[in-house]
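> What would the 3D arrangement of this be:
(one chain, ligands or ions: 2)
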Amino acid sequence: MPEEYSKYLKSLNDRQMEAACGDISTPLMIVAGPGSGKTSTMVGRVLMLMHEGIDPSHILAMTFTTAAASEMRERVGAVAGKAAAKELTISTFHSFSLQLCRSHAEKLGRTAEFLIYGHGQQRRAVIEAVRILKDKKKMLNKESEMEVEVSGVSSPQHFKDKSKRWLKYVAKAKSAGRMPEDCHRMGDEIGAEILHCYDDILKSCNALDYHDLINCSLKLLAEFPTVFKECQESWKAIIIDEFQDTSPMQYSLLRMLASHKRITIVGDEDQSIFSFNGADVSGFDSFRKDFPMHKEIKLNKNYRSTRCIVEAASSLIQNNVKRCQSKDVLTDNSTGSKITIKECSNENAQCAYVVDKILEITSEGSSTKYNFGSIAVLYRRQVTGKIFQTSFRSRKIPFNTHGVAFYRKKVVRAVVAMLRTVLPACGDDPYRKVFKALLPFDKEEKKKVIEHIEKVLTVRKCSFISAATDIFSAKVSGSLKRSQLTQGRKVLSTLDMISKLVHREQSISAVITSVANMIPQKYLLEQRAVVDVDGGKLLNEDNDVRSVLHYLLDDVSDFLTSQTSPTQEKSDDKTEGLGCLSLLKAFIDYISEREKENFRSRRHDNENSVTLTTIHQSKGLEWDVVFIVKVNESEIPLLHDMSGVGTENGSSIEEERRLLYVAMTRARKKLFILYMLLDSSWQVLQPSRFIREIPRHLLENHNELSQNVPGDNQQFPRGKLPISDGPATTESAEAKMIPGDNHLCEVSKELSELMGACNSNGFLRRFNVEDRGTVSQ
Ligand code: ATP
Ligand code: MG
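Ligands and ions are numbered 1, 2, ... in the order given. Prediction:
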């Protein structure tokens, strides 16, 4: 065994070593609490697999976030070398399934360029399905249950309300892998018809939705022996981190992929935070049943956090009553400093506190000096992070958010270049980029055409666009083929359209959406390919046009806020007074600034910048100092109503508690928990009920708590409160809440952004500003 491997394995404790070095053909389950070295053990397992002769290119590791994937690759790379780490395939279920479905799209009745329908498209497809069925029933003049269901759906609003229910129905059925035939069998005729019709619509649009990706992968494996064989040959060993977040369908997929039994699952049910997305901890039991010869190893020593943090987090999670793997998490680490709970009057005060604290603990004079890179600010929803970004910028605190390479994405650059062309004296560069993006040729042919323009430009000493105009209006066509001339002319007319659009349109959002729509499918598909992340293969998940457009439109909103004085109401992105052109110019400058900033933070990345991220994205990661902000009711817990899962019930509250548990256990040394009293629209906020569940002796400033954090015998305004410091009673843990705001869960947005990898014109066209609203709210 290479020396580095054995050195690494020797650094593990006995149980970890036993897990990592056990027989690789024996299915392995590692269950343990946070910070107990699960991922470290997984890395050891990967080394062992390689040592036993399995080529790294045949090892498939599943994780749940791109950050976790990079982390994993880095950890393997540090021991086995970058080359070996590069060979590993680290993927999420959805990106893995997407790749599989694309490779065998024809078997699914699709072409390889199939679209992925997000929430907006799904909703439209459901509305369409209901409409079709309603018409069909009318034609048959058949009074049926269906008639009752869809009758009275005359007003568009009413129709939408009905369709919401059906959308939930479809999502639920699909996440359970239910086919129309199954509905028939269950006597659910209407459901069967809706599902059938919905599937037909998606098929006719060459589309799949997110649930389909998993279900279709399963179908491919189950019904096509060649695909099954191919997968068995490709993936000789499978490792899954954060197993608690797998849904039953994903688990079925795993079971099929792991028919060779070289499977390792690693997880912690207390960290299961994706149940709204179908994740189900029953996977552990299924694994036990399906792999009866498996070995199970429990780790119980926390290496990450101070005793104070471990104790606080354990006390919190003990309030969950639905726990099967109850475990004592111990640590040999020192007690460390107490947890700081901070009450802030509003969002600005909260941000100011965090900024001041960060500057204080990173200053030379601080008793314990931390690097920016060892600090994270965690929040429930992406939108909470915005104010920190602005404030960090102005106080010169370097920060990173996951996905920092956003402005360097080719698709973003293409959109920005297209916008730039309308600015006076924009130079040749944007035109060059636009031709590269818009010419629908392969790389070689594109290069030829662009080289030809450059040649003419040099000879004539003119601008790129003048040369292109002369060439494509056939004044100096030279050696170009007819098709090349035709396409070149099309690019010119697109540029013309953009210019007209900018002069006609009044809103930047509308201009950006239209401009993004002009990028040809071929180019978008090129960008969708597997990309290299940190030199390794990672199925690219956040390079899809939908998220690109979404973030760009988000930037518009930020930009407009930055243009508005504090006393002004932020209205819309109408360009009153300024004119679209000047506003656009200012927006492009704003974007360039962000790009530079992101580039800087990318270079420093974790090394010397504060991480701003959502709790869901923080899974598996760790920092010395963690600020969890906006720990308020209707934030944590935020009771959501996504795909009909987990509203108003105990399990939903338990999942919310787990979310805070995950956040708290990211901290190594110092934990801050902040809550606000007023939100930005002056609504009174309540501190999260969970704060009360942290034993007071572990809090630095518990005296301040008594007033606002609901305490003993205090009636909580939005539900019942746990009333003791210790574990809650069943009743309190399952406290019912009145339904929370009907938010679509932010996480689902992130997930779908992560998971999407489909770039196509058609997709974009269907994704308009209105959809963005529904996805992100
Ligand atoms: P999470 O549940 O949050 O994903 P985890 O169980 O995967 O946590 P790791 O991230 O693997 O935990 O490890 C947590 C920290 O403990 C890391 O900093 C790791 O280097 C350290 N660690 C793990 N095992 C040991 C060990 N045997 N000796 C010393 N440090 C260890
Ligand atoms: Mg881990």
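
> Next one, pLDDT for residue 735 please.
Model confidence at residue 735, given as pLDDT, is 29.

> just residue 698 next, same as before
With respect to pLDDT, residue 698 has a value of 95.

> go on, the one 10 residues further on?
According to the per-residue confidence, residue 708 scores 57 in pLDDT.

> likewise residue 326?
65.

> export whichever strand or helix holds residue 348 as CSV, just CAs?
Assessed by DSSP states H and E, residue 348 sits inside helix 347-362. C-alpha atoms of helix 347-362 as CSV (Å, rounded to 0.1, in the frame of the first residue of the first chain):
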residue,chain,number,x,y,z
GLU,A,347,-32.1,43.0,9.5
ASN,A,348,-29.7,45.9,9.3
ALA,A,349,-28.8,45.5,13.0
GLN,A,350,-28.3,41.8,12.5
CYS,A,351,-26.0,42.4,9.6
ALA,A,352,-24.1,45.2,11.4
TYR,A,353,-23.5,42.8,14.4
VAL,A,354,-22.1,40.1,12.2
VAL,A,355,-19.9,42.5,10.3
ASP,A,356,-18.5,44.1,13.5
LYS,A,357,-18.0,40.7,15.1
ILE,A,358,-16.1,39.4,12.0
LEU,A,359,-13.9,42.5,11.9
GLU,A,360,-13.3,42.1,15.6
ILE,A,361,-12.3,38.5,15.6
THR,A,362,-10.2,38.8,12.5
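
> Buried residues, it. List them.
347, 349-351, 353-355, 357-358, 361-362 (16 or more other CB atoms under 10 Å). From N, CA and C alone the C-beta is placed, and that goes for glycine too.

> and the next helix or strand after that helix, which strands flank it?
The element immediately downstream of helix 347-362 (helix or strand, assigned by DSSP H and E) is strand 375-379. Strand pairing for strand 375-379, using DSSP bridges, gives strand 610-614 (parallel), strand 623-628 (parallel).

> ok, now which ones touch the closest residue to ligand 1 within the chain?
Nearest to ligand 1 in the chain, going by CB to the nearest ligand atom, is residue 37, at a distance of 2.9 Å. Residues in contact with residue 37 (CB atoms under 8 Å, 6 or more residues apart in numbering) are 12-13, 16, 299, 301, 303.

> ok, of the buried residues of helix 347-362, which one's closest to residue 190?
Residue 190 lies nearest to residue 347 out of those, by CB to CB, at 45.8 Å.

> From residue 214, how far out is the closest one?
Between residue 347 and residue 214 the computed distance is 38 Å (CB to CB, to the nearest Å).

> try residue 342
41 Å.

> who's more crowded, those two?
residue 214 (26 against 20; other CB atoms under 10 Å).

> Surely that one and residue 250 touch.
Yes - at 5.8 Å, residue 214 counts as touching residue 250 under the criterion of CB atoms under 8 Å.

> Just the closest residue of this structure to ligand 2, please.
Residue of the chain nearest ligand 2, by CB to the ion: residue 39 (3.3 Å).

> element containing that residue?
Judged by DSSP H and E, residue 39 forms part of helix 38-51.

> picking that back up, same list, the strands paired with strand 375-379, but as a markdown table with mean neighbour count and distance to ligand 1 please.
Shown next, in a markdown table, are these (neighbours: other CB atoms under 10 Å; distance: least, CB to the nearest ligand atom, whole Å):
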| stretch | mean neighbour count | distance to ligand 1 |
| --- | --- | --- |
| strand 610-614 | 25 | 14 |
| strand 623-628 | 24 | 11 |
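
> Is it possible to get a markdown table of the ones you listed that adds distance to residue 481?
Shown next, in a markdown table, are those (distance: least, CB to CB, whole Å):
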| stretch | distance to residue 481 |
| --- | --- |
| strand 610-614 | 49 |
| strand 623-628 | 57 |
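
> right, and these - which one's nearest residue 287?
With CB to CB, the closest approach to residue 287 among the strands paired with strand 375-379 belongs to strand 610-614: 28.2 Å.

> Render the CA-only coordinates of the closest one in PDB, please.
Output of strand 610-614 as PDB, limited to C-alpha atoms (Å, rounded to 0.1, in the frame of the first residue of the first chain):
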ATOM      1  CA  VAL A 610     -16.000  34.400   4.700                       C
ATOM      2  CA  THR A 611     -18.500  31.800   3.400                       C
ATOM      3  CA  LEU A 612     -22.000  33.000   2.900                       C
ATOM      4  CA  THR A 613     -24.300  30.100   2.200                       C
ATOM      5  CA  THR A 614     -27.600  28.400   3.000                       C
END
